[in-house]
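Asks: Sequence and predicted structure, then a few things I'm wondering about:
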Amino acid sequence: MAALAGNFTDHSVFIYDADGNHLINTTVTNHDRDAKQMQVSIMPNELKVNDNCKLLVLASPTPCEFQGKVKKVGGNKFIAMFQGHEVENRGAARYSVNTAAVIYTFICDGQPYHLHTPVKVVILNISTTGVRFRAPFYSFQKGDIFKMHLSINNSRKDLTAEVMNFIDNEPNSSDYGCRFVEVVT
């Protein structure tokens, strides 16, 4: 539970409505751990006061998932956080996103090998334990470990992930399910 003990200020956060529909990728501008609340740089217009939401904070070393409720004091909206957890099992909720990323380094026998031509991918969904992305048909095998840049609101997150499974989508692309090895914030 190391990530839950930290401060999420300046971390990227994916915000979803209560049904799990992706609303926005934004940044935590203020996190009060004792009061269990956070402010974000952009509050989704779809969320009104007292609406429930779901949050996926890209914390290091493990992303954290929270249930939340939009609150307002004075003129300031914030999200009251509850039920936070780090998940290390396959039962982690998956949240749909459609975000570009770039794989720039392979890790082979513990050594990094930088790619001359990075592989552009599209993140299809994300959870507290990993990502599923679509890449050009050919790309990776189960057990491959790589580093990728994920761009969120003009901020770049570096992730290290390992391919756990893949599905070929003939003839142009494949979908890869990966677990997080490390998230650098």
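Replies: In hand now; what should we look at?

Asks: tell me which element I15 is part of?
Replies: Taking DSSP states H and E as the criterion, the element that holds I15 is strand 12-17.

Asks: what helices or strands is that strand leaning on?
Replies: Using 3 or more Cβ pairs under 8 Å, 6 or more residues apart in numbering; DSSP states H and E as the contact criterion, the neighbours of strand 12-17 among helices and strands are strand 22-32, strand 37-40, strand 52-57, strand 95-108. Any C-beta I mention is one placed from the backbone N, CA and C, and that applies to glycine too.

Asks: mind checking the backbone torsions on T117?
Replies: For T117, the backbone dihedrals (degrees, to the nearest 10) come out as phi -120, psi 100.

Asks: burial of it, as a residue count?
Replies: T117 sits with 6 neighbouring residues when counted by other Cβ atoms under 10 Å.

Asks: quick one: it from R134, how far?
Replies: Taken as Cβ to Cβ, to the nearest Å, the spacing of T117 relative to R134 amounts to 18 Å.

Asks: returning to what we had before: and of the helices and strands packed on strand 12-17, who's closest to I79?
Replies: Among those, the nearest to I79 by Cβ to Cβ is strand 37-40 (5.4 Å).

Asks: what mean pLDDT does the closest one have?
Replies: For strand 37-40, mean pLDDT is 91.

Asks: among the helices and strands packed on strand 12-17, which is nearest M81?
Replies: The stretch from those with the least distance to M81 (Cβ to Cβ) is strand 37-40; that distance is 6.1 Å.

Asks: for that closest one, packing partners?
Replies: strand 12-17, strand 22-32, strand 76-85.

Asks: how about a cut-off of 6 Å?
Replies: In terms of contacts (3 or more Cβ pairs under 6 Å, 6 or more residues apart in numbering; DSSP states H and E), strand 37-40 is packed against strand 22-32, strand 76-85.

Asks: can you list contacts of the shortest one?
Replies: Where contact means Cβ atoms under 6 Å, 6 or more residues apart in numbering, the residues beyond strand 76-85 that reach it are 4, 36-39, 43, 64, 66-71.

Asks: residue contacts, A101?
Replies: By Cβ under 6 Å, 6+ apart, the residues touching A101 are V121, I123, M148, L150.

Asks: Lowest pLDDT pick from those residues?
Replies: L150 (85).

Asks: Give the helix, strand or coil label for it.
Replies: At L150, secondary structure determined by DSSP: H, G, I helix; E, B strand; the rest coil is strand.
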